[in-house]
Structure formats: structure tokens, C-alpha cells
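1. Quick one: sequence plus predicted model below, questions after.
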Amino acid sequence: MISHLSQGGDAVRVRVQNTFSQSPLSIGAATVAGSDGKSAALEGAARRVTFEGQGRVVVPAGEEVWSDPIPMRTRAQGDVAVSLSVSGQASAGRHDNAFRTNYLSAPGSGDHSGDESGSAYTEKVQSTYLVSAVDVRNRDLKGTLVAYGSSVVDGTGSTNCGPGCTELGNNRRWSDDLARRIGTELPEERQFAVANAGVAGTTSFADCPGMDDSVRGLDSLARLERDVLSLHGVRAVLFYYGTNDLAVGCDAEQIIGSYRDTFERLHAAGIKVYVTPITPRPGYSDVNNRDRQAVGDFVKKGSDCSSTCDGVLDFDQVLKDPVQPNSINPAYDTGDGVHVNIAGQQALADFISLPMVTRTTRR
């Protein structure tokens with residue numbers, strides 16, 4: 001599994017998840033190494049990954065484990081390859097939207113976690129299996145910003161560079177673009193990591209009438225502990241949720257209630273919250289658009305989500321078509337009316353106020 005790093009440091013640790021399985025997951029060996037991000041080959045020797053000092057680990061059903069820190073020099077905007085040798089049968093958690101190529105060896109072919117050439121990895125997938133986070137140790141960083149939401153955060157559209165053009169594995173999500181802005185525009189003493197915690201298809205409210213059972217239980221509050229609070233050094237969340245809620249039958253009152261509950265939990269943990277209004281979607285009904293406006297009014301009131309958040313990221317103003325404001329600007333539209341292309345991803349990142357989202361104190 002290839003992971004792109006927003007910042008570099010002097011050690012890494014990885015999180016192995018067995019969150020959605022009904023049986024234990026046995027890892028016989030694990031390694032981490034540098035990667036060019038474009039192939040299964042390793043850059044330099046693989047470093048052994050341990051878990052409480054052991055090279056093997058069994059991850060119980062429904063749980064996850066963090067590795068020990070592995071001394072390893074990494075750089076900002078670099079890539080690492082995390083290789084796992086899985087014993088027996090695995091029911092892998094699956095993140096379909098990696099927007100890059102990852103690599104599998106043939107079942108029964110043995111342990112190839114230390115292979116530098118990558119030649120044993122004969123199958124290519126565009127999903128991420130088992131590795132749900134990579135943490136970089138860098139004592140000079142001021143903390144981590146977490147982008148949190150559904151497919152508009154996950155990165156759907158971020159490989160779309162125009163008709164017939166795809167940039168797979170080039171890390172062009174708006175959160176990636178934001179990380180690059182931080183690296184180039186802020187001084188060394190004001191650097192932050194950026195983590196993407198988007199999961200496509202999810203909602204902010206827990207039980208919208210038309211939601212798919214596959215994402216039930218993955219609402220904003222339910223996965224907050226795993227996907228935000230358990231990450232290291234989180235200082236702020238960039239909250240971009242609600243586009244799916246309206247599409248599957250939730251109303252403004254339910255969405256605003258879920259916002260309040262999530263923001264309260266984040267604030268209790270000392271984490272700042274920056275929120276975007278729900279962005280346009282041409283498939284919305286008149287009722288949906290009235291609810292969208294009501295949620296937008298709540299978010300924008302006082303520029304602080306009616307005193308429940310720390311600031312507003314008005315992505316609605318960035319993306320809306322000036323002629324048809326309930327639709328996305330055609331220059332940014334991937335064609336589905338919901339997600340934005342590479343140009344739109346960059347426009348969102350460019351809109352974000354770095355002084356605002358990197359404030360180290362609550363106002």
C-alpha cells in the first residue's frame with residue numbers, strides 16, 4: 001500500500017485496521033520503505049515494522065493496531081510503501097477511492113514484504129487494504145489539520161484533468177493541494193500536517209431515510225473517534241459534510257443537529273472546527289435546496305456556525321455556477337454535477353485562509 005505524506009520527519013508508525021471483519025487478522029510480517037509513488041518497487045531497504053516489539057501481530061475482529069515508531073527519514077510530499085504479509089484468510093477493510101495504484105502479490109506466494117524490486121506484486125488495485133493511517137514523527141510541526149467528510153473530501157474528481165485525461169496517483173485532492181500550500185507559503189515554525197479522513201457515501205446525520213446500508217454506522221459522529229480523535233496532534237478539522245444527507249432524505253434540522261453534536265465533541269477535545277456550507281448539486285429538489293439554504297444560513301451566521309464552530313470555509317461561493325447557483329461552475333464540474341475536477345480541487349485549496357485554519361488558539 002502506497003501512502004503519500006504531507007510532511008516529513010525522522011520516524012513513522014502505521015495503523016493496521018481490521019475494523020469491518022468478523023474474524024481476527026494475522027499479520028506475519030510488515031515493512032515500510034520509501035517509494036516513488038508510481039510502482040511496487042521500494043526505494044532503499046525495507047525497514048521491519050514491529051508491534052509492541054514483535055514482528056507479528058493478530059488484530060482482533062473489529063479493532064485496529066498501531067505499530068511501534070520505526071526510525072526512518074521521510075520528506076514532505078514524499079511516499080512510503082507499507083507491505084504486509086497476511087497469514088490465512090483476510091477479510092480486508094476496503095477503501096475503494098485510493099485514486100492511485102496499490103499492489104498485491106498472488107495468494108500463497110509467500111512473504112514478499114521485504115522485496116525491493118516489487119516484481120512479486122502482480123496484481124494492481126485502486127483500493128487501499130488494511131493500512132488506514134501513516135503517522136510521521138516531526139517534533140517541529142505545530143499539529144495536524146484533518147479534512148473530514150464524504151466523497152467531496154475523499155477526492156472523487158481529483159484525477160480528472162479534462163475530457164479523456166486522468167492523473168492517477170498525482171495526489172490532487174484539495175487537501176493535498178492545501179498541504180502543498182502550507183509547505184510553500186508558511187514559515188518553518190508554522191508547519192502543519194494534513195490528513196484526509198473522507199469516506200465516500202457517508203452522511204453527517206446517522207440515519208437518513210434513503211442511505212445505503214453499506215455506510216450505515218459511518219456518520220460523522222460515529223467514526224469521529226477512529227478517524228479524527230485517535231490521530232496524533234490534531235488541532236483543527238475542516239468539516240465538509242451534508243451533500244449526501246440531503247440526497248438521501250435528511251432535512252436541515254437533522255443535519256444541523258448532527259453538526260452541533262460533532263462540533264461539541266471536537267471542541268471538548270480542544271480541536272477547532274472550520275465548516276463549509278453544503279455545496280451545489282443539480283439533482284436536489286426545491287425542498288432540498290431550501291434545506292441547503294437553511295444549513296448555509298446556520299453555518300454562515302456570525303461566520304462561526306451560530307457560535308458552534310471557529311470559522312467558515314465558504315466553498316459554496318467557490319464552486320457555484322454564477323448563472324445557475326444551484327449547480328457547479330462548468331469549469332470545475334467533472335460531469336456528474338456533484339464532484340469537482342483538478343481545477344476545482346485547486347480552487348478550493350487556494351480559497352482556504354491559512355492564517356485562520358492554522359491558528360493555535362481558540363478565539
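-> Perfect, I can see it now.
2. residue boundaries of the strands in the stretch 201-350 of the chain?
-> Per DSSP state E, counting those that start in this stretch, the stretch 201-350 of the chain carries strands over the ranges 234-240, 272-275, 311-312.
3. Any chance of the ones you listed in a markdown table with distance to G344 and mean pLDDT as columns?
-> C-beta here means a position set from N, CA and C on the backbone, and glycine is covered the same way. Formatted as a markdown table, these follow (distance: least, C-beta to C-beta, whole Å; pLDDT from 0 to 100):
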| stretch | distance to G344 | mean pLDDT |
| --- | --- | --- |
| strand 234-240 | 13 | 98 |
| strand 272-275 | 19 | 98 |
| strand 311-312 | 19 | 98 |
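4. Could you dump those into CSV and include distance to L266 and mean neighbour count?
-> Shown next, in CSV, are the strands of the stretch 201-350 of the chain (distance: least, C-beta to C-beta, whole Å; neighbours: other C-beta atoms under 10 Å):
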stretch, distance to L266, mean neighbour count
strand 234-240, 6, 25
strand 272-275, 5, 25
strand 311-312, 13, 20
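5. can I get those strands in CSV with distance to D321?
-> Listed next are the strands of the stretch 201-350 of the chain as CSV, based on distance: least, C-beta to C-beta, whole Å:
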stretch, distance to D321
strand 234-240, 19
strand 272-275, 22
strand 311-312, 21
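6. Compare these and report which one is nearest to Y103.
-> Of all the strands of the stretch 201-350 of the chain, it is strand 234-240 that lies closest to Y103, at 30.0 Å by C-beta to C-beta.
7. can you tell me which strand in this protein is longest?
-> Secondary structure of the chain per DSSP state E: the longest strand is strand 25-35.
8. quick one: whichever helix or strand comes after that one to chain centroid distance?
-> Downstream of strand 25-35, the first helix or strand assigned by DSSP states H and E is strand 43-48. Centroid separation between strand 43-48 and its chain, computed with C-alpha atoms, centre = their mean, to the nearest Å, is 26 Å.
9. Repeat that for stretch 87-103.
-> In terms of C-alpha atoms, centre = their mean, the centre of stretch 87-103 is found 16 Å from the chain centre.
10. repeat for stretch 288-308
-> Chain-centre distance of stretch 288-308: 24 Å, with C-alpha atoms, centre = their mean.
11. what number of residues lie near S23?
-> 13 (other C-beta atoms under 10 Å).
12. Please look at L229 and A269 and confirm they touch.
-> Yes - between L229 and A269 there is a contact at 5.8 Å, judged by C-beta atoms under 8 Å.
13. out of the two, which sits in the more crowded spot?
-> Counted by other C-beta under 10 Å, L229 and A269 do not tie: L229 has more neighbours, with 16 against 13.
14. Next, the nearest residue to Q89 once chain neighbours are set aside: phi, psi?
-> With sequence-adjacent residues excluded and distances taken as C-beta to C-beta, 6 or more residues apart in numbering, Q89 is closest to S23, at 7.9 Å. Main-chain dihedrals, S23, degrees, to the nearest 10: phi -140, psi 160.
15. thought S23 was touching S91?
-> Yes - using C-beta under 8 Å, S23 is in contact with S91, at 6.4 Å.
16. if we can go back for a sec, relative to strand 43-48, how tilted is the longest strand of the chain?
-> Interaxial angle of strand 25-35 relative to strand 43-48 (axes from the mean of the first three to the mean of the last three C-alpha atoms, to 10 degrees): 150 degrees.
17. Run through the neighbouring helices and strands of strand 25-35.
-> Applying 3 or more C-beta pairs under 8 Å, 6 or more residues apart in numbering; DSSP states H and E, we find strand 25-35 packed against strand 11-17, strand 43-48, strand 57-59, strand 79-87.
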